[in-house]
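A.B. asks: coords below, sequence missing:
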């Protein structure tokens, strides 16, 4: 859920793997597996650049962006029930 949140709510078009890893504060295996699952499910697009020192970026698809109102409501629900999500949008 947090990967989708940052891909959709951040206002950024694309994220590099290491940026997501740092933002999520997890080990490399966790975001890697989640990103693969989200790509397979059609929630994100993986963009690979053929460069020395390979670069990969991830971008939310329309399917993922359409979840924005749902993510907003889930976050509001969590707040109403005293559940801390730890998810911060850039404006916060």
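C.D. replies: That came through, no problem. The model shown is predicted, which means the values in this text are computed figures rather than measured ones.

A.B. asks: what bridges to residue 60?
C.D. replies: Per DSSP bridges, residues listed as beta-bridge partners of residue 60: residue 44.

A.B. asks: This structure: strands as residue ranges?
C.D. replies: Using DSSP state E, the strands of the chain run over residues 14-16, 44-49, 55-60.

A.B. asks: The second one - contacts with which helices or strands?
C.D. replies: In terms of contacts (3 or more C-beta pairs under 8 Å, 6 or more residues apart in numbering; DSSP states H and E), strand 44-49 is packed against helix 29-40, strand 55-60. Where you see a C-beta, it was placed from the backbone N, CA and C, and this is true even at glycine.

A.B. asks: cool, and the shortest one?
C.D. replies: The criterion is 3+ C-beta pairs under 8 Å, 6+ apart, and the helices and strands that strand 14-16 contacts are strand 55-60.

A.B. asks: Quote the end-to-end distance of stretch 51-61.
C.D. replies: The distance separating the two terminal residues of stretch 51-61, taken as C-alpha to C-alpha, to the nearest Å, comes to 24 Å.

A.B. asks: er, stretch 40-57 actually
C.D. replies: Separation of the first and last residues of stretch 40-57 by C-alpha to C-alpha is 15 Å.

A.B. asks: Quick check: buried residues in it?
C.D. replies: For stretch 40-57, the buried set under the neighbour-count rule, 16 or more other C-beta atoms under 10 Å, comprises 43, 44, 57.
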